[in-house]
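# just to be clear, the model below is a prediction. Sequence and coordinates:
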Amino acid sequence: GKFDQFKRTIPYSAVIQAFRGFIRQLLTETEDRIIQWKEKLLNVLGPNGQILIEVIPEVELITGAQPVVPELPPFQEQNRFNFVFQNFVRTCAAAEHPLVIFLDDLQWADSSSLKLIELFMGDPHTHFMLFIGAYRDNEVHDAHPLMITLNNIQQAGTPVNTITLKPLGLTHINHLIADA
C-alpha cells in the first residue's frame, strides 16, 4: 500500500490498499483453498465479518454476505474495529503462508493508520509477519507522529531495523540508463 499526501484524511488508506491486494491474490487460489480461507475467516471474524467487509469489500467474495453489526459509541466502535482487524492480521500471517506487508510513504500516514500499525506490530500473538515501511527521512523529525509510533513499537520490545538509503551516484544512474 502507499499513503498519499492528498488523502491524509482517509483513515487506513494504504493498509486497506495492501490488504485488498492480498484478498484479490487469495481469490486466484483454487476453490478448495478459498473454502479453507472462508472457514478461517468466518471462524476468526465471528459476528463481526461485516466490519471487515466495510473496509475490504473483496472479503465478502470469500466469506459471503455477513450480518449487520450493531452500532456502538465511537470509542467502542474503534476498539471493535481494532480487535477485528488484529484478528484478521493474525489469520493472514501463519506458518503455512507468512505475510509481508509493505507500506510506502509512511510520512503521510494518518494517525489511525499509525495506531493500527502499532497495534498489530506489538501483538505478541501475531507471528510469521514481516512489516516493511518506507518513508522520506527528510520529511520527518523526532516529534513527527511516525517517529513517535516507531519509538513506541521499539519500546514495546518489537525489533525495528532501519536502513537509510543514500541517493544514487552518477555511475549508478549511468548504469541504469545504459541498461534501459
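Yep, it's here. Note that the structure is predicted; figures quoted are calculated from it, not measured.

# so Gln78 sits in a helix?
Yes - using DSSP: H, G, I helix; E, B strand; the rest coil, the secondary structure at Gln78 is a helix.

# ok, now how distant is it from Gly21?
Distance of Gln78 to Gly21, given as C-beta to C-beta, to the nearest Å: 24 Å. For the C-beta atoms, the positions are set from N, CA and C on the backbone; glycine is no exception.

# what's opposite the nearest residue to Cys92 once chain neighbours are set aside in the beta bridge?
Nearest residue to Cys92, sequence neighbours excluded (C-beta to C-beta, 6 or more residues apart in numbering): Leu99, at 5.0 Å. Taking DSSP bridges as the rule, Leu99 bridges to Met129.

# do you know the pLDDT at Leu99?
With respect to pLDDT, Leu99 scores 95.

# for it, what are its contacts?
Leu99 makes contact with Phe22, Val89, Cys92, Ala93, Phe128, Met129, Leu130 under the criterion C-beta atoms under 8 Å, 6 or more residues apart in numbering.

# output the residues you listed as CSV; include the columns pLDDT and distance to Ile56.
Formatted as CSV, the contacts of Leu99 follow (pLDDT from 0 to 100; distance: C-beta to C-beta, whole Å):
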residue, pLDDT, distance to Ile56
Phe22, 96, 9
Val89, 95, 12
Cys92, 94, 11
Ala93, 93, 16
Phe128, 93, 20
Met129, 94, 17
Leu130, 94, 20
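
# which among those count as buried?
For the contacts of Leu99, a burial check counting by 16 or more other C-beta atoms under 10 Å picks out Phe22, Val89, Cys92, Ala93, Met129.

# out of the residues you listed, which sit inside helices?
The members of the buried ones among the contacts of Leu99 that map onto helices under DSSP state H are Phe22, Val89, Cys92.

# wait, the last one sits on Gln25?
No - proximity of Cys92 to Gln25 does not meet the contact threshold set by C-beta atoms under 8 Å, at 10.8 Å.

# helices of this protein, start to end?
13-26, 31-45, 49-55, 59-63, 74-92, 111-121, 145-155, 170-179.

# could I get those helices as CSV with distance to Glu139?
Formatted as CSV, the helices of the chain follow (distance: least, C-beta to C-beta, whole Å):
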stretch, distance to Glu139
helix 13-26, 16
helix 31-45, 37
helix 49-55, 27
helix 59-63, 33
helix 74-92, 27
helix 111-121, 15
helix 145-155, 9
helix 170-179, 23
